[in-house]
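Peer 1: below: sequence and its predicted model.
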Amino acid sequence: MQIFLMVLVSVLMLSGPAQALSLKYVGETSIVTGAKFENTTIGGLSGITYKDGILNAISDDKGRWGEPRIYQFEFKVNNKSMTLIPKSVKEVKGLPKEGRRKAFVDLEGLVQLPDGDFLISSEGNGDLKPRSLPRIFRAGAEGKWKSDISIPEKYLPESTGMQSKGVQNNGAFEGLTATADGKFVFSCLEAPLTQDIDMETEASGVVVRMLKFEDRGAQRGYYSPVSEFAYKVDAYRDNQIGREIFRGVSEVLALSESKVIVLERGARLYGKGWKSTVSLYLADLSKATNTLPMVKLSDHKYTPVEKVKLLDLETDLIKERGKKDVQNFEGLAIGPKLPDGRRTLLVMSDNNFSKNEVTELLVFAIEGE
């Protein structure tokens, strides 16, 4: 595809004058829904990483189609074509039991550390009794659990009874990313903590928490929470297609210790069903208040994360993609360099194992960073 989209955003850099970050649409590829590989069904790909020609993708399959797993694809791209070929699949295994119960996981975020280990986020399940709590854990390159990362108490719902705090069911650690050196890890909630819910202002944009961890070394348990930031999601936007009824954060991608690309995903009513809404933003954490000590945001004054919109997949890619439906995009990664030296941004969708949805991989060239 030769038509390009450029989105220019002026960004205040910490060490210099304002610069422009731009995304140019390069092309896309997809995986047929229901495709099989090594006795598994490829689907539910909710988090991705890329390194040295291999794209890792984690499936949020909760047991219906198979065990929790990570796929490895060989991925190549140039200015005219791209290939995405499955090469292997590894089960995520070895997690300690939750009491007498097998560990429940709803895998959403994936990070590959410099040593080859993975960090993986799971949303848990608030419908189970007792509740299965959200978690971020470390696994080896073959997918075997090694250890859990400590999560602040305010993120954890009560194990039973009425919930008054912690992550909402299916609204927990959707986003997970790390700086290139692995020193800092960021995780972002899809929806507000229970204690931060404000139904009166929901349509004007909810506030979610973005948690920052620092690698303190093996003797100190590796990653520990060091700060947290309040990120305000955009307000609902209705259009001729239908009314938007939800909007949250689906993924984050660290460009540096203070700059993060954020993927906001929503749902728009359409006929008897719904359609996805997806936008990309560049977030600057440098001036935001550290909200880590704040159990309930409304009890405090704080400065939220600054952000600027990069791209709206509903409206900004019509020339490039025609009237194709916006899919359920959940994965972000820095991809391979193009022949001209530009880096790429990879954006992947989760098909929810549905015949009505598609696993798509969009590729953008990054300029002006």
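Peer 2: Right, received. Where do you want to start? Residues are numbered from 1 along each chain as shown.

Peer 1: low-scoring stretches of the stretch 101-250 of the chain, by residue?
Peer 2: Scanning the stretch 101-250 of the chain for pLDDT under 70 picks out 219-221.

Peer 1: cutoff 80 now
Peer 2: Scanning the stretch 101-250 of the chain for pLDDT under 80 picks out the ranges 218-221.

Peer 1: strands along that one, start to end?
Peer 2: 107-112, 118-122, 135-139, 145-148, 173-178, 184-189, 207-215, 223-232, 244-254 (DSSP state E, counting those that start in this stretch).

Peer 1: mind putting these into CSV with mean neighbour count and distance to Ser30?
Peer 2: (Glycine included, C-beta is placed from N, CA and C.) Output for those, formatted as CSV (neighbours: other Cβ atoms under 10 Å; distance: least, Cβ to Cβ, whole Å):
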stretch, mean neighbour count, distance to Ser30
strand 107-112, 25, 20
strand 118-122, 26, 25
strand 135-139, 21, 28
strand 145-148, 14, 31
strand 173-178, 26, 22
strand 184-189, 26, 26
strand 207-215, 22, 29
strand 223-232, 20, 30
strand 244-254, 22, 18
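
Peer 1: of these, which is nearest Val278?
Peer 2: strand 244-254 (7.8 Å; Cβ to Cβ).

Peer 1: okay, now the sheet partners of the helix or strand following that closest one, with direction.
Peer 2: Next in sequence after strand 244-254, counting helices and strands by DSSP states H and E, comes strand 259-270. Strand pairing for strand 259-270, using DSSP bridges, gives strand 244-254 (antiparallel), strand 273-284 (antiparallel).

Peer 1: what mean pLDDT does strand 259-270 get?
Peer 2: The pLDDT scores in strand 259-270 average 96.

Peer 1: can you pull the pLDDT of the residue positioned nearest the centre of the chain?
Peer 2: Closest to where the C-alpha atoms of the chain average out (Cα atoms, centre = their mean) is Glu251, at 1.9 Å. According to the prediction, Glu251 has pLDDT 98.

Peer 1: about what we covered before: adding distance to Arg101, write the strands paired with strand 259-270 out as TSV.
Peer 2: TSV is the format used below for these (distance: least, Cβ to Cβ, whole Å):
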stretch	distance to Arg101
strand 244-254	28
strand 273-284	33
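
Peer 1: closest one to Glu28 among the ones you listed?
Peer 2: Closest approach to Glu28 among the strands paired with strand 259-270 is made by strand 273-284 (13.5 Å; Cβ to Cβ).

Peer 1: give me the neighbour count for Arg101.
Peer 2: Neighbourhood size, Arg101 [other Cβ atoms under 10 Å]: 10.

Peer 1: re earlier: now the strands of the stretch 101-250 of the chain as CSV including distance to Glu306?
Peer 2: CSV is the format used below for those (distance: least, Cβ to Cβ, whole Å):
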stretch, distance to Glu306
strand 107-112, 23
strand 118-122, 25
strand 135-139, 25
strand 145-148, 32
strand 173-178, 17
strand 184-189, 15
strand 207-215, 12
strand 223-232, 10
strand 244-254, 15
